[in-house]
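J.: structure for the following, please:
(one chain, ligands or ions: 1)
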Amino acid sequence: MSAKALLKVSGLKVAYGGIQAVKGVDFEVREGELVSLIGSNGAGKTTTMKAITGTLPVMAGDIEFLGKSIKGRGAWDLVAEGLVMVPEGRGVFARMTITENLQIGAYIRNDKAGIAADIDRIFGIFPRLKERATQLAGTMSGGEQQMLAMGRALMARPKVLLLDEPSMGLSPIMVDKIFEVVQDVYKQGVTVLLVEQNASRALQLADRGYVMESGVISMSGDAKAMLTDPKVRAAYLGE
Ligand code: ATP
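T.: Next comes the predicted model:
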């Protein structure tokens, strides 16, 4: 029997004014899975993520997290329940230090010793952040900010981590590092929904994949099977 769905999106529609960007999307992420959502520019991936995390209103359909509808709930409230997003463009607090950004990630917690231990754990994953603990986040490179954004999300001890294009704009070495950390987080038992333009890397890591095109899910399946699917290869893997 397959694991239960932690996140379930049904018939989701999202619009910007009169323009519908997401046109009835269904997918689920089961406990312990890493699911990749791929698709070209403007397909509606980011819009879907924002609707899930309560930063955009849902026009129709439903979103369930841990078996309950979360439609209309705010992002901060959802973080407290374990649904945490690392947004596209990172969204670090530029005028705060690295350590302060990490502390903010734990705003829902009050276990001081646990928070300190988790900051040490994040510094272990990303030694670069430790070296620069007192540097203002806004002065860091794109790759460093991505590390910080992921570290900050992990400070909330997520049950489901949503990652929106974590590799965007990074150097090849940094891309490797970020995907390595995504894999480690998943191996430690965190359920992950990964939105990526780098379809090949995203499917290599994933258990299952969904392809989004013009606001709908056009393909889905086992990630390894998708990697060898001629249609996916032609459209998304540059072949
Ligand atoms: P990308 O990989 O380029 O980020 P995406 O799949 O995440 O693409 P979205 O950012 O969700 O796509 O965009 C889906 C559609 O919604 C696009 O046509 C986009 O132009 C439109 N859109 C996104 N944000 C807004 C906005 N704030 N106002 C109006 N239209 C928007």
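J.: hey, let's count contacts and neighbours off CA atoms from now on
T.: Fine.
J.: who's in contact with K71?
T.: Each residue near K71 by Cα atoms under 8 Å, 6 or more residues apart in numbering is listed here: I52, G54, V58, D62, I63, E64.
J.: which residue ranges of this protein form strands?
T.: With DSSP state E, the ranges of strands along the chain come out as 5-16, 19-30, 34-38, 60-65, 68-69, 83-86, 160-164, 191-196, 208-213, 216-222.
J.: so how many other residues sit close to S36?
T.: 29 (other Cα atoms under 10 Å).
J.: picking up where we left off before, redo the strands of the chain as TSV? Include mean pLDDT.
T.: Converted to TSV, the strands of the chain look like this (pLDDT from 0 to 100):
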stretch	mean pLDDT
strand 5-16	97
strand 19-30	97
strand 34-38	97
strand 60-65	98
strand 68-69	96
strand 83-86	94
strand 160-164	97
strand 191-196	97
strand 208-213	96
strand 216-222	96
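J.: can I get those strands in a markdown table with distance to E131?
T.: Below are the strands of the chain laid out as a markdown table (distance: least, Cα to Cα, whole Å):
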| stretch | distance to E131 |
| --- | --- |
| strand 5-16 | 36 |
| strand 19-30 | 36 |
| strand 34-38 | 30 |
| strand 60-65 | 37 |
| strand 68-69 | 42 |
| strand 83-86 | 22 |
| strand 160-164 | 25 |
| strand 191-196 | 28 |
| strand 208-213 | 36 |
| strand 216-222 | 40 |
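J.: of the ones you listed, which approaches I178 most closely?
T.: Between I178 and the strands of the chain, the tightest spacing by Cα to Cα is seen for strand 160-164, at 10.8 Å.
J.: residues in contact with the closest one?
T.: 6, 46, 49, 82-88, 153, 190-196.
J.: so in the protein, where's the weakest helix or strand by average pLDDT?
T.: One helix or strand of the chain scores below all others by mean pLDDT, DSSP states H and E: helix 230-236, with a mean of 87.
J.: run the chain-centre distance for that helix.
T.: Distance, stretch centre to chain centre, for helix 230-236: 23 Å (Cα atoms, centre = their mean, to the nearest Å).
J.: just stretch 213-233 next, same as before
T.: Relative to its chain's centre, stretch 213-233 lies at 19 Å (Cα atoms, centre = their mean).
J.: show the end-to-end separation of it, please.
T.: With Cα to Cα, to the nearest Å as the measure, stretch 213-233 spans 15 Å from end to end.
J.: can you list the residues of this protein near the ligand?
T.: Y16, A21, S40, N41, G42, A43, G44, K45, T46, T47 (Cα under 6 Å from any ligand atom).
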